[in-house]
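S.K.: model the structure of this input:
(chains A, B, C and D)
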Protein chains: 2
Amino acid sequence: MLSEERQNVILKIVNNAGSVSIQELITCLHISESTARRDLLILHGQGKLNKVHGGATSLGINHTIYKADMESLKEKYLMHMVEKRKIAKYAASLIQSEDFIYIDAGSTTEQLAEFISKPEVVIMTNSIPLVQKLAIKGYNAYILPGKVKSSTESVVGSQAQEHLQDCHFTLGFFGTNGITLSEGCSTPDIEEAAVKQRALKQCKQSFILSDNSKFGLSSHFTFSSLKDTKIITAATTADFDYSIYKKVTEVYIL
Amino acid sequence: MLSEERQNVILKIVNNAGSVSIQELITCLHISESTARRDLLILHGQGKLNKVHGGATSLGINHTIYKADMESLKEKYLMHMVEKRKIAKYAASLIQSEDFIYIDAGSTTEQLAEFISKPEVVIMTNSIPLVQKLAIKGYNAYILPGKVKSSTESVVGSQAQEHLQDCHFTLGFFGTNGITLSEGCSTPDIEEAAVKQRALKQCKQSFILSDNSKFGLSSHFTFSSLKDTKIITAATTADFDYSIYKKVTEVYIL
DNA sequence: AATATAATGATTGAAAATGATTGATTTTGG
DNA sequence: CCAAAATCAATCATTTTCAATCATTATATT
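M.R.: Numbering: from 1, shown residues only, chains lettered A, B, ... in the order given. You can find the predicted model right below:
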């Protein structure tokens, strides 16, 4: 990974999360302590963030809202960030100007906001943070109706599902918690699974965006079989064997 | 967690709750007594809170925070913050456990999130930042469907209006850009006016929350006559004359 | 391929933050 | 008022973080 690109990622993380610790950077970006420190020094030298003892904070106001287990959530959010952004970048390149896109809530799909290059596309989502980012960037962003879950800041419930029935997306991007041959794509929350399932049915073409930590895992509720979607993932180790998955669907490995 | 970040959290807790004990900090933030004490010392040294025996209390209406932010960030948003919070606090006190509430997008109404004391209420809104805050705080928060405007981060459009027709709110809180006797409550954006108008119709009882800079101003589109709502405002200068408004509706001056 | 240049990773002693301890001080409850 | 309990400030030992240095690896150039 290019150092400049890595520094951009760090800056995005800081501005997104409000702050980041050296340790988080080490574990999530798989870089050494020295590199993490150097990157913060460089970014600080460019006046792009505040360097504080233990890490760095964003220049803007503190938009972080405290949650008891925020630390663990943040780790989860940051984990595999490099792969997630690579995946999102590729996914965004598939978008055409005339598309009507559904983007599912999730940390990988959320990265899409930064890579969509067609300002004319119409985008619907159930993710509060994503719709916020998209709107700020000036896209035609639409939010589904319904109850907002605190854990994922996504919209779920019957209102969302009903609303989806009237939508006909040309393209859909979904996150998942697990991918197996037998159980397809699955997620631990039944309400989110229901929304995913419904949304996916409304898409002419759909993609699962997943870092390769999800392969071989299955969660409580299946929302799609592998036959119904294509998969976009990023290889971290060269030796992972995707061939069994390739037998049932298209797998794009970046 | 970074020390600076932790201190920000403590400050938020103090300002939100009015006070905090050392013991609460120890158990809630999982820090040692020494650290808790040190943090309070530091924050006290920065003049951000009052240190008292057993913990700390907030400085009146946390004036310093807003002043500090004022220099760096959007001045307009923070301009009447003290009044807005006063207004929001009073408005929140009107809420009953069994209410179904609509909260309009806006800087004053957004403050409501911090003052609602009934966790059972059901809240619907067209504001993205508000629904986010509410969900994180654990309320039953619902978002309207539709296009998200970048300037206000609020939902507008026909989908929102249609969805509103099925909702029957017991209580509604609205912001406005202008209040005059002849033109009622008005706002510069036609789409937002349409959503406000529709939402207001669905409320059994509704309140306009407005700092007193809006009185006497009128904007392009009226969304409500004064007769249909009550007004909650806060007096900054004692000499403003609300009597003409009191002739047509109830005005709560804080 | 050989060399130069840049980027990275590991090591180190210094500095900072943290947590535990102690004895003084304040509060609480009879 | 007194005594027990809680809180406090100060100190010290431990852990974590820091910046600087040096060795190694990757990248570019000739």
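
S.K.: which positions in the stretch 51-200 of chain A make contact with DNA strand C?
M.R.: A:53-54 (CB under 7 Å from any atom of the strand). (Each C-beta comes from the backbone N, C-alpha and C, glycine too.)

S.K.: tell me where the stretch 51-200 of chain A has helices.
M.R.: A:70-78, A:81-93, A:107-110, A:128-137, A:158-164, A:190-201 (DSSP state H, counting those that start in this stretch).

S.K.: which one of those helices lies closest to residue B:174?
M.R.: Minimum separation from residue B:174 across the helices of the stretch 51-200 of chain A (CB to CB) falls at helix A:128-137, 21.0 Å.

S.K.: pLDDT score for residue A:5?
M.R.: pLDDT for residue A:5: 82.

S.K.: next up, the contacts around it.
M.R.: Under the criterion of CB atoms under 8 Å, 6 or more residues apart in numbering or on different chains, the contact list for residue A:5 is empty.

S.K.: which helix or strand contains it?
M.R.: helix A:3-17 (DSSP states H and E).

S.K.: list the buried ones in that helix?
M.R.: A:6-7, A:9-11, A:13-17 (16 or more other CB atoms under 10 Å in any protein chain shown).

S.K.: for stretch A:128-135, same thing?
M.R.: Applying 16+ other CB under 10 Å to stretch A:128-135 flags A:128-135 as buried.

S.K.: of these, closest to chain B?
M.R.: residue A:135 (3.9 Å; CB to the nearest CB).

S.K.: measure residue A:94 to chain B for me?
M.R.: Per CB to the nearest CB, to the nearest Å, residue A:94 is found 23 Å from chain B.

S.K.: re the thing from before, in a markdown table, list the buried residues of helix A:3-17 along with distance to residue B:106.
M.R.: Compiled in a markdown table, the buried residues of helix A:3-17 are given as follows (distance: CB to CB, whole Å):
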| residue | distance to residue B:106 |
| --- | --- |
| A:6 | 40 |
| A:7 | 38 |
| A:9 | 35 |
| A:10 | 35 |
| A:11 | 31 |
| A:13 | 31 |
| A:14 | 29 |
| A:15 | 25 |
| A:16 | 25 |
| A:17 | 27 |
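
S.K.: out of those, flag the one nearest to residue A:223.
M.R.: residue A:16 (26.5 Å).

S.K.: any idea how far residue A:221 is from that closest one?
M.R.: 28 Å (CB to CB, to the nearest Å).

S.K.: likewise for residue A:110?
M.R.: Taking CB to CB, one finds residue A:110 at 21 Å from residue A:221.

S.K.: cool, and residue A:253?
M.R.: 26 Å.

S.K.: for these two, indicate the residue with more neighbours.
M.R.: Applying other CB atoms under 10 Å in any protein chain shown to residue A:253 and residue A:221 shows that residue A:221 carries more neighbours, namely 19 against 14.

S.K.: how about that one, phi and psi?
M.R.: Dihedral pair for residue A:221: phi -130, psi 120, per degrees, to the nearest 10.

S.K.: give the contact list for it.
M.R.: A:186-190, A:193.

S.K.: still on that earlier bit, what angle separates the helix holding residue A:5 from helix A:128-137?
M.R.: Helix A:3-17 and helix A:128-137 are oriented at 110 degrees to each other (axes from the mean of the first three to the mean of the last three CA atoms, to 10 degrees).

S.K.: for helix A:3-17, C-alpha coordinates in CSV please.
M.R.: Provided in CSV are the C-alpha atoms of helix A:3-17 (Å, rounded to 0.1, in the frame of the first residue of the first chain):
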residue,chain,number,x,y,z
SER,A,3,2.2,5.6,2.0
GLU,A,4,0.2,8.5,0.8
GLU,A,5,-2.9,6.4,0.3
ARG,A,6,-2.4,5.0,3.8
GLN,A,7,-2.2,8.5,5.2
ASN,A,8,-5.4,9.3,3.5
VAL,A,9,-7.0,6.3,5.1
ILE,A,10,-5.8,7.4,8.5
LEU,A,11,-7.1,10.9,7.9
LYS,A,12,-10.5,9.6,6.9
ILE,A,13,-10.6,7.4,10.0
VAL,A,14,-9.7,10.3,12.3
ASN,A,15,-12.3,12.6,10.7
ASN,A,16,-14.8,9.9,10.7
ALA,A,17,-14.4,8.6,14.2
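
S.K.: how far away from the center of its chain is it?
M.R.: 15 Å (CA atoms, centre = their mean, to the nearest Å).

S.K.: tell me the spacing between the residue nearest the centre of chain A and residue A:248.
M.R.: For chain A, the residue sitting closest to the mean C-alpha position, by CA atoms, centre = their mean, is residue A:108 at 1.5 Å. Distance of residue A:108 to residue A:248, given as CB to CB: 21 Å.

S.K.: and what of residue A:240?
M.R.: 17 Å.

S.K.: again with residue A:120
M.R.: According to CB to CB, residue A:120 stands 34 Å off from residue A:248.

S.K.: pick out whichever of those two has more residues nearby.
M.R.: More crowded of residue A:120 and residue A:248, by other CB under 10 Å: residue A:248, with 13 against 10.

S.K.: looking at that one now. What's its pLDDT?
M.R.: 91.

S.K.: tell me the secondary structure at it.
M.R.: Three-state assignment for residue A:248 (DSSP: H, G, I helix; E, B strand; the rest coil): coil.

S.K.: would you mind giving the domain segments of chain A?
M.R.: Domain assignment for chain A, taken from automatic domain parsing, gives A:3-78, A:81-253.

S.K.: averaging pLDDT over each of the ones you listed, which comes out lowest?
M.R.: Per-stretch mean pLDDT for the domains of chain A is lowest at domain A:3-78 (a mean of 80).

S.K.: so how far is that one from its chain's centroid?
M.R.: 18 Å.

S.K.: got it, and stretch A:123-138?
M.R.: 13 Å.

S.K.: also stretch A:242-254?
M.R.: 20 Å.

S.K.: and it, which residues are buried?
M.R.: Here stretch A:242-254 shows A:245, A:249, A:251-252 as buried, counting by 16+ other CB under 10 Å.

S.K.: same check on stretch A:136-144?
M.R.: Buried residues in stretch A:136-144 (16+ other CB under 10 Å): A:139-144.

S.K.: tell me which of these is nearest to residue B:44?
M.R.: residue A:143 (42.7 Å).

S.K.: is it true that that closest one touches residue A:125?
M.R.: Yes - counting by CB atoms under 8 Å, residue A:143 touches residue A:125, with 6.6 Å between them.

S.K.: what sits in contact with each of these two?
M.R.: residue A:131.

S.K.: so what's residue A:219 up against?
M.R.: Contacts of residue A:219 (CB under 8 Å, 6+ apart): A:177-178, A:186-188.

S.K.: neighbour-wise, which of the residues you listed leads?
M.R.: residue A:187 (27 neighbours).

S.K.: show me what that one is bridged to.
M.R.: With DSSP bridges as the criterion, residue A:187 is bridged to residue A:221.

S.K.: identify the residues contacting it.
M.R.: So residue A:187 contacts A:176-178, A:193, A:196, A:219-221, A:223 (CB under 8 Å, 6+ apart).
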